[in-house]
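**Student:** Next input, structure requested:
(one chain, ligands or ions: 1)
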Amino acid sequence: MLYCIGLGLSDEKDITVKGLEVVRRAEKVYLESYTSILIVAKEKLEEFYQRPVIIADRELVESDSDTILQGAISTDIAFLVVGDPFGATTHLDLLLRAKELNIPVKTIHNASIMNAIGACGLQLYNFGQTVSMVFFTDTWTPSSFYDKIKENVGCGLHTLILLDIKVKEQTEENLIKGRRIYEPPRYMTVAQCATQMLAVEENRGEDVYNKNSLAIGIARLGSDDQAFAVGTLEQLTCWDMGSPLHSLVLVGRKIHDMEIDFIKDFAIDKTQFDFHFAQNP
Ligand SMILES: C[S@@+](CC[C@H](N)C(=O)[O-])C[C@H]1O[C@@H](n2cnc3c(N)ncnc32)[C@H](O)[C@@H]1O
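**Tutor:** Sure thing, here's the model as predicted:
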(Lines give C-alpha, C1' and ligand atoms only; values in the text may rest on other atoms or scores of the structure.)
Protein backbone atom coordinates (compact mmCIF):
# COMPACT_ATOMS: atom_id res chain seq x y z
CA MET A 1 0.00 0.00 0.00
CA LEU A 2 1.18 3.52 -0.78
CA TYR A 3 0.23 5.95 1.99
CA CYS A 4 0.24 9.64 1.07
CA ILE A 5 0.50 11.42 4.38
CA GLY A 6 0.07 15.15 4.98
CA LEU A 7 2.48 16.67 7.50
CA GLY A 8 0.64 19.93 8.15
CA LEU A 9 2.30 23.30 8.02
CA SER A 10 4.89 23.77 10.70
CA ASP A 11 6.98 21.15 12.50
CA GLU A 12 7.40 17.43 13.17
CA LYS A 13 4.46 17.37 15.59
CA ASP A 14 1.84 18.45 13.06
CA ILE A 15 1.49 14.92 11.68
CA THR A 16 -1.80 13.26 12.63
CA VAL A 17 -1.93 10.26 14.96
CA LYS A 18 -3.08 8.15 12.01
CA GLY A 19 -0.18 9.40 9.92
CA LEU A 20 2.35 8.73 12.66
CA GLU A 21 1.08 5.19 13.14
CA VAL A 22 1.69 4.44 9.46
CA VAL A 23 5.11 6.13 9.47
CA ARG A 24 6.22 4.04 12.43
CA ARG A 25 5.33 0.76 10.74
CA ALA A 26 6.05 1.52 7.07
CA GLU A 27 8.87 -0.29 5.29
CA LYS A 28 10.21 2.99 3.92
CA VAL A 29 9.39 6.64 4.56
CA TYR A 30 9.89 9.20 1.78
CA LEU A 31 9.64 12.97 2.25
CA GLU A 32 8.64 14.96 -0.83
CA SER A 33 11.04 17.87 -0.68
CA TYR A 34 10.46 20.25 -3.57
CA THR A 35 6.94 21.74 -3.32
CA SER A 36 6.95 22.92 0.29
CA ILE A 37 9.04 22.87 3.47
CA LEU A 38 8.53 22.51 7.19
CA ILE A 39 10.30 24.86 9.59
CA VAL A 40 12.31 21.92 10.97
CA ALA A 41 15.04 19.82 9.38
CA LYS A 42 14.67 16.20 8.28
CA GLU A 43 16.69 15.06 11.33
CA LYS A 44 14.06 16.49 13.63
CA LEU A 45 11.39 14.46 11.83
CA GLU A 46 13.52 11.31 12.08
CA GLU A 47 14.04 11.83 15.79
CA PHE A 48 10.31 12.28 16.44
CA TYR A 49 9.16 9.49 14.08
CA GLN A 50 12.00 7.20 15.20
CA ARG A 51 12.43 6.25 11.56
CA PRO A 52 14.89 7.14 8.80
CA VAL A 53 13.40 9.51 6.26
CA ILE A 54 14.46 9.42 2.60
CA ILE A 55 14.39 12.75 0.76
CA ALA A 56 12.35 12.48 -2.44
CA ASP A 57 13.33 15.20 -4.90
CA ARG A 58 11.45 16.05 -8.09
CA GLU A 59 13.56 13.67 -10.15
CA LEU A 60 12.77 10.71 -7.91
CA VAL A 61 9.03 11.44 -7.71
CA GLU A 62 8.42 12.42 -11.31
CA SER A 63 10.99 10.48 -13.35
CA ASP A 64 11.95 7.59 -11.15
CA SER A 65 8.70 6.95 -9.28
CA ASP A 66 9.00 3.17 -9.67
CA THR A 67 11.79 3.26 -7.07
CA ILE A 68 9.14 4.41 -4.58
CA LEU A 69 6.31 2.31 -5.96
CA GLN A 70 8.02 -1.08 -6.29
CA GLY A 71 8.21 -1.31 -2.50
CA ALA A 72 4.50 -0.54 -2.20
CA ILE A 73 3.54 -3.68 -4.16
CA SER A 74 4.20 -5.95 -1.21
CA THR A 75 4.81 -3.63 1.77
CA ASP A 76 3.59 -0.31 3.19
CA ILE A 77 5.39 2.76 1.90
CA ALA A 78 4.82 6.20 3.43
CA PHE A 79 5.07 9.21 1.12
CA LEU A 80 5.10 12.37 3.23
CA VAL A 81 3.94 15.68 1.81
CA VAL A 82 4.21 18.96 3.69
CA GLY A 83 0.74 20.48 4.10
CA ASP A 84 -1.91 18.24 2.57
CA PRO A 85 -1.07 15.72 -0.17
CA PHE A 86 -3.84 17.28 -2.28
CA GLY A 87 -3.19 20.91 -1.33
CA ALA A 88 -2.02 22.68 -4.51
CA THR A 89 0.42 20.13 -6.00
CA THR A 90 -1.46 16.83 -6.18
CA HIS A 91 1.22 14.35 -7.34
CA LEU A 92 -1.35 12.87 -9.70
CA ASP A 93 1.42 11.39 -11.84
CA LEU A 94 2.61 9.26 -8.92
CA LEU A 95 -0.95 8.17 -8.10
CA LEU A 96 -1.73 7.27 -11.72
CA ARG A 97 1.45 5.19 -11.93
CA ALA A 98 0.44 3.44 -8.67
CA LYS A 99 -2.94 2.68 -10.25
CA GLU A 100 -1.26 1.20 -13.33
CA LEU A 101 0.74 -1.10 -11.05
CA ASN A 102 -2.43 -2.04 -9.10
CA ILE A 103 -0.99 -0.58 -5.93
CA PRO A 104 -3.68 0.54 -3.47
CA VAL A 105 -3.27 4.12 -2.24
CA LYS A 106 -4.55 5.65 0.98
CA THR A 107 -4.38 9.34 1.83
CA ILE A 108 -4.12 10.76 5.33
CA HIS A 109 -5.00 14.44 5.13
CA ASN A 110 -3.69 17.40 7.09
CA ALA A 111 -3.83 21.20 7.19
CA SER A 112 -2.77 22.93 4.00
CA ILE A 113 -1.94 26.46 2.99
CA MET A 114 -5.14 26.14 0.92
CA ASN A 115 -7.45 25.93 3.92
CA ALA A 116 -5.43 27.42 6.77
CA ILE A 117 -5.24 30.68 4.81
CA GLY A 118 -8.54 31.63 6.48
CA ALA A 119 -6.37 32.43 9.53
CA CYS A 120 -5.55 35.78 7.90
CA GLY A 121 -9.15 36.82 8.56
CA LEU A 122 -10.63 36.49 5.08
CA GLN A 123 -13.37 33.94 4.59
CA LEU A 124 -12.61 30.98 2.33
CA TYR A 125 -16.01 31.46 0.66
CA ASN A 126 -14.78 34.77 -0.75
CA PHE A 127 -11.65 33.45 -2.45
CA GLY A 128 -11.44 32.97 -6.20
CA GLN A 129 -8.88 30.94 -8.15
CA THR A 130 -5.52 30.36 -6.48
CA VAL A 131 -2.57 31.43 -8.61
CA SER A 132 1.17 30.81 -8.56
CA MET A 133 3.92 33.37 -8.95
CA VAL A 134 7.28 32.17 -10.29
CA PHE A 135 10.61 33.98 -10.15
CA PHE A 136 11.03 36.19 -13.20
CA THR A 137 14.31 36.05 -15.06
CA ASP A 138 15.91 38.63 -17.37
CA THR A 139 14.29 36.91 -20.33
CA TRP A 140 11.19 35.30 -18.84
CA THR A 141 8.35 37.19 -17.14
CA PRO A 142 5.34 34.89 -17.33
CA SER A 143 2.09 36.70 -16.61
CA SER A 144 -0.58 34.00 -16.84
CA PHE A 145 -1.37 34.68 -13.17
CA TYR A 146 -2.58 38.13 -14.20
CA ASP A 147 -5.57 36.88 -16.21
CA LYS A 148 -6.74 34.69 -13.36
CA ILE A 149 -6.43 37.59 -10.91
CA LYS A 150 -8.40 39.68 -13.38
CA GLU A 151 -11.26 37.16 -13.29
CA ASN A 152 -11.19 37.07 -9.48
CA VAL A 153 -11.11 40.86 -9.23
CA GLY A 154 -14.02 41.01 -11.71
CA CYS A 155 -16.08 38.92 -9.26
CA GLY A 156 -14.88 40.88 -6.22
CA LEU A 157 -13.04 37.82 -4.86
CA HIS A 158 -9.79 37.53 -2.93
CA THR A 159 -6.82 35.83 -4.63
CA LEU A 160 -4.37 33.53 -2.86
CA ILE A 161 -0.98 33.71 -4.52
CA LEU A 162 1.43 30.84 -3.85
CA LEU A 163 5.07 31.73 -4.28
CA ASP A 164 7.85 30.00 -6.12
CA ILE A 165 10.28 27.60 -4.49
CA LYS A 166 13.50 26.74 -6.30
CA VAL A 167 15.44 23.77 -5.04
CA LYS A 168 18.26 21.93 -6.79
CA GLU A 169 18.73 24.74 -9.30
CA GLN A 170 21.77 24.48 -11.54
CA THR A 171 23.71 27.20 -13.26
CA GLU A 172 23.68 27.03 -17.05
CA GLU A 173 27.35 26.02 -16.99
CA ASN A 174 26.90 23.20 -14.48
CA LEU A 175 23.86 21.97 -16.38
CA ILE A 176 25.71 21.87 -19.70
CA LYS A 177 28.72 20.19 -18.16
CA GLY A 178 26.50 17.65 -16.41
CA ARG A 179 27.87 18.58 -12.98
CA ARG A 180 25.62 17.72 -10.08
CA ILE A 181 26.32 21.00 -8.32
CA TYR A 182 23.29 22.88 -7.09
CA GLU A 183 22.56 26.46 -6.09
CA PRO A 184 21.24 27.16 -2.57
CA PRO A 185 17.43 26.89 -2.41
CA ARG A 186 15.40 30.07 -3.04
CA TYR A 187 11.97 30.87 -1.65
CA MET A 188 10.06 33.83 -3.05
CA THR A 189 9.21 36.51 -0.52
CA VAL A 190 6.09 38.64 -0.22
CA ALA A 191 8.17 41.69 -1.24
CA GLN A 192 9.42 39.97 -4.41
CA CYS A 193 5.89 38.87 -5.30
CA ALA A 194 4.43 42.36 -4.82
CA THR A 195 7.26 43.84 -6.91
CA GLN A 196 6.68 41.38 -9.77
CA MET A 197 2.91 41.94 -9.63
CA LEU A 198 3.37 45.69 -10.04
CA ALA A 199 5.86 45.19 -12.90
CA VAL A 200 3.31 43.07 -14.79
CA GLU A 201 0.50 45.55 -14.10
CA GLU A 202 2.66 48.31 -15.51
CA ASN A 203 3.31 46.27 -18.67
CA ARG A 204 -0.31 45.29 -19.15
CA GLY A 205 -1.70 48.66 -18.10
CA GLU A 206 -5.22 47.28 -17.51
CA ASP A 207 -5.55 48.47 -13.91
CA VAL A 208 -6.69 45.09 -12.59
CA TYR A 209 -4.86 46.15 -9.45
CA ASN A 210 -2.35 48.89 -8.73
CA LYS A 211 0.15 50.10 -6.14
CA ASN A 212 -2.74 51.11 -3.84
CA SER A 213 -4.38 47.69 -3.88
CA LEU A 214 -4.66 46.09 -0.47
CA ALA A 215 -2.93 42.78 0.09
CA ILE A 216 -1.99 40.52 2.97
CA GLY A 217 1.49 39.10 3.31
CA ILE A 218 1.57 35.79 5.15
CA ALA A 219 4.67 34.10 6.52
CA ARG A 220 5.21 30.72 8.17
CA LEU A 221 1.49 30.09 8.59
CA GLY A 222 0.79 27.53 11.29
CA SER A 223 4.10 27.98 13.11
CA ASP A 224 4.57 29.74 16.44
CA ASP A 225 6.00 32.80 14.73
CA GLN A 226 3.51 33.03 11.87
CA ALA A 227 3.14 36.60 10.62
CA PHE A 228 0.56 38.64 8.71
CA ALA A 229 1.10 42.09 7.23
CA VAL A 230 -1.68 44.10 5.64
CA GLY A 231 -0.73 46.95 3.35
CA THR A 232 -0.83 48.27 -0.16
CA LEU A 233 1.15 46.38 -2.78
CA GLU A 234 3.56 49.29 -2.79
CA GLN A 235 4.10 49.02 0.98
CA LEU A 236 4.60 45.28 0.72
CA THR A 237 7.33 45.64 -1.93
CA CYS A 238 9.69 46.67 0.86
CA TRP A 239 8.22 44.79 3.82
CA ASP A 240 10.46 42.09 5.28
CA MET A 241 8.43 39.13 6.51
CA GLY A 242 11.38 37.03 7.62
CA SER A 243 12.16 33.43 6.85
CA PRO A 244 10.10 31.28 4.44
CA LEU A 245 7.50 30.20 3.46
CA HIS A 246 5.50 33.19 2.30
CA SER A 247 2.17 33.66 0.52
CA LEU A 248 0.27 36.76 -0.53
CA VAL A 249 -3.45 37.45 -0.69
CA LEU A 250 -4.83 40.19 -2.90
CA VAL A 251 -7.93 41.50 -1.10
CA GLY A 252 -11.11 41.56 -3.17
CA ARG A 253 -14.05 43.96 -3.06
CA LYS A 254 -16.44 41.40 -1.52
CA ILE A 255 -15.45 41.76 2.06
CA HIS A 256 -17.49 41.53 5.22
CA ASP A 257 -17.21 44.14 7.99
CA MET A 258 -15.88 41.47 10.34
CA GLU A 259 -13.15 40.54 7.87
CA ILE A 260 -12.19 44.23 7.66
CA ASP A 261 -12.01 44.54 11.46
CA PHE A 262 -9.89 41.40 11.66
CA ILE A 263 -7.34 42.29 8.98
CA LYS A 264 -7.02 45.87 10.23
CA ASP A 265 -5.15 44.50 13.19
CA PHE A 266 -2.35 43.32 10.88
CA ALA A 267 -1.99 46.68 9.11
CA ILE A 268 1.58 47.84 8.54
CA ASP A 269 0.31 51.35 9.26
CA LYS A 270 -2.93 51.25 11.26
CA THR A 271 -3.40 55.03 11.01
CA GLN A 272 -3.54 54.74 7.20
CA PHE A 273 -5.62 51.56 6.98
CA ASP A 274 -9.03 53.24 6.52
CA PHE A 275 -7.59 55.52 3.85
CA HIS A 276 -5.94 52.62 2.01
CA PHE A 277 -9.06 50.50 2.36
CA ALA A 278 -11.21 53.25 0.82
CA GLN A 279 -8.76 53.47 -2.11
CA ASN A 280 -8.67 49.69 -2.76
CA PRO A 281 -9.67 49.38 -6.42
C1 LIG B 1 2.80 23.98 -3.62
S2 LIG B 1 2.26 24.98 -2.35
C3 LIG B 1 1.94 24.03 -0.92
C4 LIG B 1 1.42 22.71 -1.03
C5 LIG B 1 1.31 21.96 0.28
N6 LIG B 1 1.13 20.57 -0.07
C7 LIG B 1 0.13 22.41 1.14
O8 LIG B 1 -0.90 21.71 1.13
O9 LIG B 1 0.23 23.41 1.85
C10 LIG B 1 3.73 25.75 -1.80
C11 LIG B 1 3.53 27.21 -1.55
O12 LIG B 1 2.47 27.41 -0.61
C13 LIG B 1 2.77 28.48 0.23
N14 LIG B 1 2.90 27.98 1.61
C15 LIG B 1 2.98 26.69 2.01
N16 LIG B 1 3.06 26.61 3.33
C17 LIG B 1 3.06 27.88 3.80
C18 LIG B 1 3.12 28.46 5.11
N19 LIG B 1 3.22 27.70 6.18
N20 LIG B 1 3.07 29.82 5.20
C21 LIG B 1 2.96 30.60 4.11
N22 LIG B 1 2.90 30.10 2.86
C23 LIG B 1 2.95 28.76 2.70
C24 LIG B 1 4.09 29.10 -0.24
O25 LIG B 1 3.81 30.14 -1.14
C26 LIG B 1 4.73 27.90 -0.93
O27 LIG B 1 5.69 28.28 -1.86
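**Student:** what does the stretch 51-200 of the chain put close to the ligand?
**Tutor:** 81-84, 87-89, 112-114, 162-163, 165 (CB under 6 Å from any ligand atom). (Each C-beta comes from the backbone N, C-alpha and C, glycine too.)
**Student:** In ChimeraX, select just the buried ones from the residues you listed.
**Tutor:** Buried residues within those, by 16 or more other CB atoms under 10 Å, are selected in ChimeraX with:
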select :81,82,83,84,87,89,112,113,114,162,163,165
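**Student:** Of the residues of the stretch 51-200 of the chain next to the ligand, which belong to helices?
**Tutor:** 113-114 (DSSP state H).
**Student:** so which of the residues of the stretch 51-200 of the chain next to the ligand comes closest to residue 105?
**Tutor:** Checking those against residue 105 with CB to CB, the nearest one is residue 81 at 12.6 Å.
**Student:** who are the neighbours in contact with the closest one?
**Tutor:** 4-7, 32, 35-36, 89, 91 (CB atoms under 8 Å, 6 or more residues apart in numbering).
**Student:** Against residue 145, how distant is it?
**Tutor:** Distance of residue 81 to residue 145, computed by CB to CB, to the nearest Å: 23 Å.
**Student:** Ok, residue 134 next?
**Tutor:** From residue 134 to residue 145 the distance is 9 Å (CB to CB).
**Student:** the more surrounded of the two?
**Tutor:** With neighbours defined as other CB atoms under 10 Å, residue 134 and residue 145 compare such that residue 145 has more, 21 against 16.
**Student:** what about the more buried one, helix or strand, and which?
**Tutor:** Assigned by DSSP states H and E, residue 145 belongs to helix 144-154.
**Student:** coming back round to it: output the residues of the stretch 51-200 of the chain next to the ligand as TSV; include the columns distance to residue 62 and pLDDT.
**Tutor:** TSV is the format used below for those (distance: CB to CB, whole Å; pLDDT from 0 to 100):
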residue	distance to residue 62	pLDDT
81	14	97
82	17	97
83	18	96
84	19	96
87	18	91
88	16	80
89	11	80
112	21	97
113	21	97
114	21	95
162	19	97
163	21	97
165	15	95
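**Student:** need the contact list for residue 80.
**Tutor:** Applying CB under 8 Å, 6+ apart to residue 80 gives the contacts 5, 7, 23, 29-32, 45, 53.
**Student:** Return the member of the residues you listed nearest to residue 72.
**Tutor:** Nearest member of the contacts of residue 80 to residue 72, counting by CB to CB, is residue 30, at 10.3 Å.
**Student:** How about the contacts made by the closest one?
**Tutor:** Residue 30 touches 53-56, 60, 68, 77-80, counting by CB under 8 Å, 6+ apart.
**Student:** Which residue, neighbours along the chain excluded, lies closest to it?
**Tutor:** Closest residue to residue 30 apart from its sequence neighbours, by CB to CB, 6 or more residues apart in numbering: residue 56 at 4.2 Å.
**Student:** quick one: that neighbour and residue 35 touch, right?
**Tutor:** No. Counting by CB atoms under 8 Å, residue 56 stays clear of residue 35, with 10.6 Å between them.
**Student:** Which residue of these two possesses the greater neighbour count?
**Tutor:** Counted by other CB under 10 Å, residue 56 and residue 35 do not tie: residue 56 has more neighbours, with 23 against 18.
**Student:** Backbone torsions only: list them for that one.
**Tutor:** Note on residue 56: its backbone torsions stand at phi -110, psi 100 [degrees, to the nearest 10].
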